[in-house]
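*Asks:* sequence? don't have it. structure:
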């Protein structure tokens, strides 16, 4: 899911460090993290990354399943978990009597956006001493199960539910479904807007959402960008509005200046850089031999270091 609020320099360093790690893995047999060839949830957007007590927050997930299976989604909330982990959120739920923390289940057909609404409790801020209210948050757990969710504690995982194969009724392992957490920060006055994505470009020209670009594949089955001719690679970029780079002083008197990153994902192909800083968002992309005759889905996801996230989707036809 999207990164927690861990500080400007830490966020940038950790994500760019991950990018470097993935790039080094690409030189071996490992697929890059940007390649979406299995069930993935790439991001969860909250319309109010910073919310006030009593407000309703709308969330939607960016997900993709190459197998195009119906997915059962479950959502649950917890107040002020002690850490950023899913397990911590479930532990916090176990200590709460509020029935709103029960899992909300929805089964969706392929390509239907998973979304939910969460109302922030009136006591989320009051539950913390004044000196720690800068940590106030609601954790929203999301589950994407390619089958049926059974509301009983799992005998094989640490989850308080089971995900069953729709045909065999076998309980799926954690590697076969997805569990993640989105953090919505609770404040009395502060706000945070999601990044605003403007013009998407392909080789320097505007790339409208309804235009399918045509490319020719590189003759490689590997994962190393430099193995492909530069003539077969294409520059992809997105403009972030100036307002996306928020700065100011928090209600706790601390100055801040947002750092943004742009992440690139696709169902096939290789990116020269999978993660870019918001000020320099351009990367290059090349299709591989195995993508010939196929249509590639491509996503551009922008994140700030205060829980904001936005994305756009494009399509590429490979010859």
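*Replies:* Received the coordinates, thanks. These figures come from a predicted structure and were not determined experimentally. Numbering: from 1, shown residues only.
*Asks:* CA atoms for contacts and neighbours, from now on please.
*Replies:* Noted.
*Asks:* which stretches of the protein have low pLDDT?
*Replies:* 1-29, 96-101 (pLDDT under 70).
*Asks:* just want the most central residue of it.
*Replies:* Taking C-alpha atoms, centre = their mean as the criterion, residue 43 is the residue nearest the geometric centre of the chain, at 1.7 Å.
*Asks:* what strands flank the helix or strand containing residue 78, and is each parallel or antiparallel?
*Replies:* Using DSSP states H and E, residue 78 sits in strand 71-79. Note on strand 71-79: by DSSP bridges, its sheet partners are strand 104-108 (antiparallel), strand 137-145 (antiparallel).
*Asks:* got a list of contacts for the first one?
*Replies:* Under the criterion C-alpha atoms under 8 Å, 6 or more residues apart in numbering, residues 70, 71, 72, 73, 74, 75, 76, 114, 149 lie in contact with strand 104-108.
*Asks:* how far does that strand sit from the chain's center?
*Replies:* Relative to the chain's own centre, strand 104-108 is displaced by 19 Å; criterion: C-alpha atoms, centre = their mean, to the nearest Å.
*Asks:* what packs against the helix or strand just after that strand?
*Replies:* As assigned by DSSP H and E, the chain's next helix or strand after strand 104-108 is strand 114-119. Strand 114-119 is packed against strand 56-64, strand 71-79, with contacts defined by 3 or more C-alpha pairs under 8 Å, 6 or more residues apart in numbering; DSSP states H and E.
*Asks:* quick one: the first one to strand 114-119, angle?
*Replies:* Compare the direction of strand 56-64 with that of strand 114-119 by axes from the mean of the first three to the mean of the last three C-alpha atoms, to 10 degrees and you get 160 degrees.
*Asks:* hmm, who's touching strand 56-64?
*Replies:* Taking C-alpha under 8 Å, 6+ apart as the rule, strand 56-64 contacts 36, 38-48, 51, 111, 113-120.
*Asks:* at 6 Å instead, please
*Replies:* 39-48, 114-119 (C-alpha atoms under 6 Å, 6 or more residues apart in numbering).
*Asks:* do the last one as well
*Replies:* Among residues not part of strand 71-79, those counted as contacts by C-alpha under 6 Å, 6+ apart are 89, 92-93, 101-108, 138-146.
*Asks:* where do the helices sit along the stretch 201-319 of the chain?
*Replies:* With DSSP state H, counting those that start in this stretch, there are no helices along the stretch 201-319 of the chain.
*Asks:* and for the closest residue to residue 48 other than its chain neighbours, the neighbour number?
*Replies:* The shortest distance from residue 48 to any non-neighbouring residue, by C-alpha to C-alpha, 6 or more residues apart in numbering, is to residue 57 (5.9 Å). Using other C-alpha atoms under 10 Å, residue 57 has 19 other residues around it.
*Asks:* just residue 175 next, same as before
*Replies:* If we define neighbours as other C-alpha under 10 Å, then residue 175 has 8 of them.
*Asks:* likewise for the one 5 residues further on?
*Replies:* Other residues lying near residue 180 total 19 when counted by other C-alpha under 10 Å.
*Asks:* could you say which helix or strand holds it?
*Replies:* Counting by DSSP H and E, residue 180 is part of strand 178-186.
*Asks:* give me the residues contacting that strand.
*Replies:* So strand 178-186 is contacted by 1, 49-52, 86, 136-144 (C-alpha under 6 Å, 6+ apart).
*Asks:* ok, those residues vs residue 221, which is closest?
*Replies:* Comparing the contacts of strand 178-186 against residue 221 with C-alpha to C-alpha places residue 1 closest, at 28.7 Å.
*Asks:* was I right to think residue 284 contacts residue 232?
*Replies:* No - assessed by C-alpha atoms under 6 Å, residue 284 is found out of contact with residue 232, at 10.0 Å.
*Asks:* the more surrounded of those two?
*Replies:* A side-by-side neighbour count of residue 284 and residue 232, using other C-alpha under 10 Å, places residue 284 first with 19 against 14.
*Asks:* and the gap between the spatially closest residue to the more buried one that is not a sequence neighbour and residue 206?
*Replies:* Leaving out its chain neighbours, the residue that sits closest to residue 284 by C-alpha to C-alpha, 6+ apart is residue 235, at 4.3 Å. Residue 235 sits at a distance of 12 Å from residue 206 (criterion: C-alpha to C-alpha, to the nearest Å).
*Asks:* thanks a lot, see you next time.
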